[in-house]
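Q: Okay, sequence plus prediction incoming.
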Amino acid sequence: MSGDTPLAQSVDDLDGHTLEELSDYLDRDRTPADGSIDHSPGCQLALASLERLRRLTGLALEREAANEAERGDDWIPRILGYIGLEVRAGRSIPFAHDETIGSLAITEGAVRGLIRDAGDTVGGIVIGRVRLQGDVTVPGESITVDVEASALWGAPIRVAIDEVRAAIYERLTTHTELVVAGVDVAVHDISEPQPPASPASPPDTTADPADRP
Amino acid sequence: MIVDAGELSRALTEVVAATEGVTSVYEARPIVVGVAARVVEVVVGDAVERHLVLVESDDEGLRIRVSLASRSSEPAAVVCRRVYRAVGDHLASLGLDSPADIAVSIGRVG
């Protein structure tokens, strides 16, 4: 694979690895095992995001990223770029702690991973940029979550946004002690329709046209 | 008490990995140090994967740093507190009752 693809350009340091290397690792079914990947939370978050993105889009990411670059589209390369940036540990988000010694926390990268997972598993949209607005390092401080997303062609966008917002809120209240004042989801672009796989697989025409992009 | 940091790291890595709700133990060292450790691994023949918990000591005492993944079926904070207690209990069992710091961080859920 060329090092000039958008995938390779999207990130150059994930605990010493690139997204391109991680994508290749997935292609090889994570064999031979690489401890520097397997024991890196950033790499594991990135691998999980890559797997979900592949599943959602049904595309070979590298090929599609290159094709999009030629067409002037950029949603997959942009999402890959966000994945690379956001899996880094970032700020440390504390858990309440009764002991006088030590600290308990979840990383900002892990929380972004929760948000990305919640969004991507709902379906219909793919999570792009995720920002935690506010000082997440201060217990009890109110924060908001800003999410940029891409809609998949044919998905009812309003329904998908409501479901994603609810899923994100549920994950955050379960796994963090953040005070979440709001979850804002903005769809910035829509994926192009893919050609049908075969004549036996016509496009879905059952959705409400008003909800369709 | 003189502490063998490598041996304690290995033991704590096992303790954390065996704690309910932990799905992975990650390398708690900075990546550059981790790369250097992999070179040592080749030389001494002891796998880095057995020493993922960072054990350091200074004038104030032992400092323990743990990075892990927790399962998604229960709150991450619950697993985090469970690991903290398990580490503290293990240290106490060795007579190391007053560590300077025990930092437990969830690096991924799921």
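A: That came through, no problem.

Q: Next, the contact list for residue A:179, please.
A: Listed by Cβ atoms under 8 Å, 6 or more residues apart in numbering or on different chains, the contact partners of residue A:179 are A:140, A:141, A:142, A:143. Placement of C-beta: from N, CA and C, glycine included.

Q: Just those residues: which are in strands?
A: Using DSSP state E, the members of the contacts of residue A:179 that fall in strands are A:142, A:143.

Q: Give the partner strands of whatever helix or strand residue A:183 lives in in its sheet and their orientations.
A: If you go by DSSP states H and E, residue A:183 is part of strand A:179-190. Paired strands of strand A:179-190, with direction, are strand A:142-151 (parallel) (DSSP bridges).

Q: Outside of the partner strand itself, list whatever touches it.
A: So strand A:142-151 is contacted by A:75, A:79, A:115, A:119, A:124-136, A:157, A:160-161, A:164, A:168, A:172, A:178-191, A:213 (Cβ under 8 Å, 6+ apart).

Q: Quick check: PyMOL command selecting the buried ones in the residues you listed.
A: If you want just the buried ones from the contacts of strand A:142-151 in PyMOL, going by 16 or more other Cβ atoms under 10 Å in any protein chain shown, the selection is:
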select buried, chain A and resi 75+79+115+119+124+125+126+127+128+129+130+132+134+136+157+160+161+164+168+172+178+180+183+185+187+189+190+191
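
Q: just how off-centre is the strand holding residue A:183 within its chain?
A: Centroid separation for strand A:179-190 versus its chain: 13 Å, with Cα atoms, centre = their mean, to the nearest Å.

Q: Averaged pLDDT, it. What do you get?
A: Strand A:179-190 comes out with an average pLDDT of 91.

Q: Could you do stretch A:101-108 as well?
A: 94.

Q: Over to stretch A:157-176?
A: The average of the pLDDT scores along stretch A:157-176 is 93.

Q: Kindly format the C-alpha coordinates of stretch A:154-167 as PDB.
A: The C-alpha trace of stretch A:154-167 is given here as PDB (Å, rounded to 0.1, in the frame of the first residue of the first chain):
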ATOM      1  CA  GLY A 154     -31.100   6.200   2.500                       C
ATOM      2  CA  ALA A 155     -31.100   6.300   6.300                       C
ATOM      3  CA  PRO A 156     -33.800   8.400   8.000                       C
ATOM      4  CA  ILE A 157     -31.600  11.100   9.400                       C
ATOM      5  CA  ARG A 158     -33.900  12.500  12.100                       C
ATOM      6  CA  VAL A 159     -34.500   9.100  13.600                       C
ATOM      7  CA  ALA A 160     -30.900   8.200  13.500                       C
ATOM      8  CA  ILE A 161     -29.800  11.400  15.300                       C
ATOM      9  CA  ASP A 162     -32.400  10.900  18.000                       C
ATOM     10  CA  GLU A 163     -31.200   7.300  18.600                       C
ATOM     11  CA  VAL A 164     -27.600   8.200  18.500                       C
ATOM     12  CA  ARG A 165     -28.100  11.000  21.000                       C
ATOM     13  CA  ALA A 166     -29.900   8.700  23.400                       C
ATOM     14  CA  ALA A 167     -27.300   5.900  23.000                       C
END
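
Q: For chain A, give me the ranges with low pLDDT.
A: Along chain A, the model assigns pLDDT under 70 to residues A:1-13, A:57-75, A:85, A:192-213.

Q: Run through the residues of it sitting next to chain B.
A: A:15-16, A:35-36, A:38-42, A:44-45, A:48, A:89, A:92, A:95-97, A:99, A:101-107, A:109-110, A:113-114, A:117, A:174-177 (Cβ under 8 Å from any Cβ of the partner chain).

Q: thinking again about what came up before, which of the contacts of residue A:179 tops the neighbour count?
A: The most neighbours of any of the contacts of residue A:179, using other Cβ atoms under 10 Å in any protein chain shown, belong to residue A:143, which has 19 neighbours.

Q: could you measure it against residue B:105, distance?
A: Using Cβ to Cβ, to the nearest Å, we find residue A:143 at a distance of 19 Å from residue B:105.

Q: Done for today, thanks.
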